[in-house]
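>>> my questions concern the predicted model and sequence given below.
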Amino acid sequence: MKYRFWDKGRERSNRAAGMADKGIVARRCVRRHDSLAYSGPPHDKIRAYVCLICHAAACEPEIVDKGFEFQTIPDFEIHAILDDDLQRQAQGKLYSFPQNGRER
């Protein structure tokens, strides 16, 4: 029993090392952004859709930049923006938008 657990730990370690050698692998939300929440006035200045599981955000400036309106954007476009945000987080390129007078 102990050997199998040790072997699994070694396999996980080898997989993580292999992924690190390849570079940044596409990150995805575990549940594919099933749990979305709205964030906006009166608590935040900018309206956004936020995934409660992976904490990726699709804010109004990004949505408008893609050519959609905040209220009428299709779900697949929201998911694409959230996936792009996860990639930026993985690369360390965090874009900050002021919310309530503070940078995020």
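Received the coordinates, thanks.

>>> what segments of this protein are strands?
36-39, 48-51, 57-59 (DSSP state E).

>>> dump these to JSON lines, plus mean neighbour count and mean pLDDT.
Where you see a C-beta, it was placed from the backbone N, CA and C, and this is true even at glycine. Listed next are the strands of the chain as JSON lines, based on neighbours: other C-beta atoms under 10 Å; pLDDT from 0 to 100:
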{"stretch": "strand 36-39", "mean neighbour count": "12", "mean pLDDT": "93"}
{"stretch": "strand 48-51", "mean neighbour count": "22", "mean pLDDT": "94"}
{"stretch": "strand 57-59", "mean neighbour count": "23", "mean pLDDT": "94"}
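
>>> to L86, which of these lies closest?
L86 lies closest to strand 48-51 among these, at 8.8 Å (C-beta to C-beta).

>>> paired strands for the closest one, with orientation please.
With DSSP bridges as the test, strand 48-51 is paired with strand 36-39 (antiparallel), strand 57-59 (antiparallel).

>>> for D75, which of those is the nearest?
That would be strand 36-39 among those, by C-beta to C-beta, at 8.9 Å.

>>> what residue ranges in this structure score low on pLDDT?
Within the chain, the ranges that satisfy pLDDT under 70 run 1-27, 93-104.

>>> if anything else comes up later, I'll come back, but that's it for now.
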